[in-house]
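Asker: 3D model of this:
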Amino acid sequence: MNIQEAATQSGLTADTIRFYERKGVLPRPPRQANGYRNYTADHVRTLRLAKGLRHLAVPLEAVAPMVAVAHSGTCGEVRGDLAEALSEALAETEQRLSELSHVRDHLDLILAGLTSMDPTDTTVPGMAPCECIRLVSDASED
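Answerer: Numbers count the residues shown, from 1 in each chain. Here you go, the predicted model:
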């Protein structure tokens with residue numbers, strides 16, 4: 001099958017497949033006489049694995065060795081690397097969630113301040129900062 005068919009079956013774009021091949025993440029498929037890539041069902045399974053790993057926030061450099069072993073190795077050879085990569089992705093995801101939670105809390109606070117202000121408030125920022133300016137400024141100090 002050609003790259004478009006492989007892209008459709010794997011859920012990746014043709015550009016992503018080419019990028020992964022250039023970066024050495026995926027094995028290069030053999031070429032047909034006309035120079036087009038000739039993908040097999042094994043290639044599509046490998047593409048789906050790479051896509052799934054990336055979806056789970058596994059860094060591209062960790063995907064490459066797992067894909068290589070999975071393409072030509074056994075489950076036992078992949079299991080340890082997969083567990084380690086997923087543990088690292090989980091820790092990074094937990095960190096990002098914590099940061100996003102902090103941002104959400106600040107947004108809630110700022111919006112609450114904005115909606116509780118009197119529309120006729122004429123306080124000049126700098127003289128006696130209005131609550132919304134103070135809240136936004138405080139966000140960068142946390």
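Asker: isn't Leu53 right up against Glu61?
Answerer: No: the pair Leu53 and Glu61 does not pass the contact test of CB atoms under 8 Å, sitting 11.3 Å apart. For every residue, glycine as well, the C-beta is placed using N, CA and C.
Asker: More neighbours: those two, which one.
Answerer: Leu53 (23 against 11; other CB atoms under 10 Å).
Asker: pLDDT at that one, what is it?
Answerer: pLDDT recorded at Leu53 is 89.
Asker: Walk me through the domains of the chain.
Answerer: 1-73, 89-142 (automatic domain parsing).
Asker: Switch those over to a markdown table; also include distance to Arg79.
Answerer: Output for these, formatted as a markdown table (distance: least, CB to CB, whole Å):
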| stretch | distance to Arg79 |
| --- | --- |
| domain 1-73 | 10 |
| domain 89-142 | 16 |
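Asker: which of these is buried the deepest?
Answerer: domain 1-73 (a mean of 16; mean count of other CB atoms under 10 Å).
Asker: Roughly how far does Ala41 sit from Ser98?
Answerer: 41 Å (CB to CB, to the nearest Å).
Asker: now for the domains of the chain, which one comes closest to Gly80?
Answerer: When the domains of the chain are compared by CB to CB, domain 1-73 sits nearest Gly80, at 10.0 Å.
Asker: now that closest one, how far from the centre of its chain.
Answerer: 17 Å (CA atoms, centre = their mean, to the nearest Å).
Asker: tell me the secondary structure for Leu26?
Answerer: coil (DSSP: H, G, I helix; E, B strand; the rest coil).
Asker: Report the separation between it and Arg96.
Answerer: 27 Å.
Asker: just to revisit the earlier point, what's the least confident stretch among the domains of the chain?
Answerer: Among those, domain 89-142 scores lowest, at a mean of 75.
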